[in-house]
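>>> no sequence on this one, just coordinates:
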């Protein structure tokens, strides 16, 4: 456990407001992907603006998880992955790594496919299937080069660029569809449960803000060399900005969906939604929305390509009894382990571009459903042990209550997703 010594406040980041919140921007850009935008748009089409509050509530739950993760790291100097292995037993190491490798494969394939669809929406290359393959491969390779050659600063700038495209495009589209603003205000601040279509409500609540990628935040804050209570304050600030952006995207997509009729599932629904917007707003509406969709899916790919290899490299070093990055001179992104996993993420999931993804989606739905309850459960255990985190960093009553709500809710979401994936409903 890190004590609050005389130098504990000196790590507070200096510089512009932008430099203080950039990690929150990265969290939002990575966590909001094609699935989140499509789910929110379809939910708005089915249920209207009455469920806008769900986007806010879902973002709050993810903020609680990520803030708790950051507080653990600021208190102990170890990532949550290191905490699992040190305090919950070696079995967690292998169970998580098996899960993690499979998750990486299926998520990588889904992101490459989504980027292929986004690219095909702008410039088709042959038939739709071929176009998706070509653009998916191109996006994956460019993401590799950006992460491999650019360094963390280039990564920050790229993610800021993507989030700016997303924000402008989605905001413009939401305003141009001319929603009923009184109904929007009511939907935001007066929670209501729909009589039908509750699955969409649950999807909005549970779908925003990422899953395993939350663990990448621990390595990004190491890049910023945050420690102690000053680090907690910095994390709360940038996570507040990040999940405010996340909520904004969910709200905006529900508003957009409420003004058009959209049916279907899968990444191609984005192209259907763009076509529907063209009927309402003209050709400009289609291209503005497609730009925002592209920014969302490609920022998620780049965020995963940059953030996920940290976990693999850390796992291998922990297996050898080494806690990597404990000292500032070690750069995990330059280790062979990090680079090998980055190469694997870039190329291996490309194989899914040629396959029917029905079974892939089944496995992915089940795997994604299992992680969030586990994360909430672990944070309830570790962050309530005073001998590990100290009194100052320990969960408060409100945090424990929200983590319990998060655990219960995501366990329910997981059950629904598993049943739905198996039954095809």
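Everything's here; your move. Everything numeric here is computed off the predicted structure, so don't read it as measured data.

>>> Please identify the buried residues of the helix or strand encompassing residue 82?
Per DSSP states H and E, residue 82 falls inside helix 80-88. Using 16 or more other Cβ atoms under 10 Å as the test for burial, helix 80-88 gives 80-86. Placement of C-beta: from N, CA and C, glycine included.

>>> And for stretch 105-123?
Buried residues in stretch 105-123 (16+ other Cβ under 10 Å): 105-121.

>>> Filter those down to just the ones in helices.
With helices taken from DSSP state H, the overlap with those comprises 105-121.

>>> what does the model give the closest residue to residue 88 other than its chain neighbours for pLDDT?
Closest residue to residue 88 apart from its sequence neighbours, by Cβ to Cβ, 6 or more residues apart in numbering: residue 378 at 7.2 Å. As predicted, residue 378 sits at a pLDDT of 92.

>>> Contact partners for residue 378?
By Cβ atoms under 8 Å, 6 or more residues apart in numbering, residue 378 lies in contact with 80, 83-84, 88.

>>> Which stretches in the stretch 301-425 of the chain count as helices?
Under the criterion DSSP state H, counting those that start in this stretch, the stretch 301-425 of the chain contains helices at 336-347, 358-382, 386-393, 397-423.

>>> Then the stretch 1-150 of the chain?
Listed in chain order, the helices of the stretch 1-150 of the chain (DSSP H, counting those that start in this stretch) span 17-31, 34-47, 52-76, 80-88, 90-122, 128-176.

>>> Can you lay out those helices as a markdown table showing distance to residue 287 and mean pLDDT?
Shown next, in a markdown table, are the helices of the stretch 1-150 of the chain (distance: least, Cβ to Cβ, whole Å; pLDDT from 0 to 100):
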| stretch | distance to residue 287 | mean pLDDT |
| --- | --- | --- |
| helix 17-31 | 21 | 90 |
| helix 34-47 | 16 | 84 |
| helix 52-76 | 25 | 94 |
| helix 80-88 | 41 | 85 |
| helix 90-122 | 8 | 87 |
| helix 128-176 | 9 | 93 |
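
>>> and residue 258, which of those is closest to it?
Closest approach to residue 258 among the helices of the stretch 1-150 of the chain (Cβ to Cβ): helix 34-47, 4.2 Å.

>>> got the contact list for that closest one?
Residues outside helix 34-47 that contact it (Cβ under 8 Å, 6+ apart): 51, 54-55, 110, 114, 117-118, 194, 197, 200-201, 203-204, 207-209, 249-250, 253-263, 266-267, 269-270, 273, 292-293, 296-297, 300.

>>> Could you rerun that using 6 Å?
With Cβ atoms under 6 Å, 6 or more residues apart in numbering as the test, helix 34-47 has contacts from 114, 194, 197, 200, 203-204, 207-208, 250, 253-254, 256-258, 261-262, 267, 269-270, 273, 296-297.

>>> Could you report the neighbour count for the closest residue to residue 253 other than its chain neighbours?
Closest residue to residue 253 apart from its sequence neighbours, by Cβ to Cβ, 6+ apart: residue 40 at 3.6 Å. As a burial measure, residue 40 scores 30 neighbours (other Cβ atoms under 10 Å).

>>> And the strands in the stretch 151-300 of the chain?
Using DSSP state E, counting those that start in this stretch, the stretch 151-300 of the chain contains no strands.

>>> What ranges in it fall below the confidence cut-off?
Applying pLDDT under 70 to the stretch 151-300 of the chain flags the ranges 207-210, 263-267.

>>> can you pull out the helices in it?
181-189, 198-207, 216-223, 228-258, 269-281, 283-319.

>>> Distance to residue 400 and mean neighbour count added to the ones you listed, as TSV?
Converted to TSV, the helices of the stretch 151-300 of the chain look like this (distance: least, Cβ to Cβ, whole Å; neighbours: other Cβ atoms under 10 Å):
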stretch	distance to residue 400	mean neighbour count
helix 181-189	26	15
helix 198-207	20	21
helix 216-223	21	23
helix 228-258	17	23
helix 269-281	38	20
helix 283-319	26	23
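
>>> Residue 59: which of those helices is closest?
Nearest to residue 59, of all those, is helix 228-258, at 3.9 Å by Cβ to Cβ.

>>> Next, the angle from that closest one to helix 386-393.
Per axes from the mean of the first three to the mean of the last three Cα atoms, to 10 degrees, the angle that helix 228-258 makes with helix 386-393 is 70 degrees.

>>> Who are the packing partners of helix 228-258?
On a contact count with 3 or more Cβ pairs under 6 Å, 6 or more residues apart in numbering; DSSP states H and E, helix 228-258 meets helix 17-31, helix 34-47, helix 52-76, helix 128-176.

>>> about what we covered before: which of the helices of the stretch 301-425 of the chain comes out lowest on mean pLDDT?
helix 358-382 - the lowest mean pLDDT of those, at a mean of 74.

>>> measure residue 273 to residue 316 for me?
Per Cβ to Cβ, to the nearest Å, residue 273 is found 42 Å from residue 316.

>>> picking that back up, show me which of the buried residues of helix 80-88 is closest to residue 135.
For those, the closest approach to residue 135 (Cβ to Cβ) belongs to residue 81, at 33.3 Å.

>>> Now for the closest one: which residues touch it?
residue 314.

>>> How about residue 406?
Contacts of residue 406 (Cβ under 6 Å, 6+ apart): 61, 376.

>>> likewise residue 245?
Each residue near residue 245 by Cβ under 6 Å, 6+ apart is listed here: residue 28.
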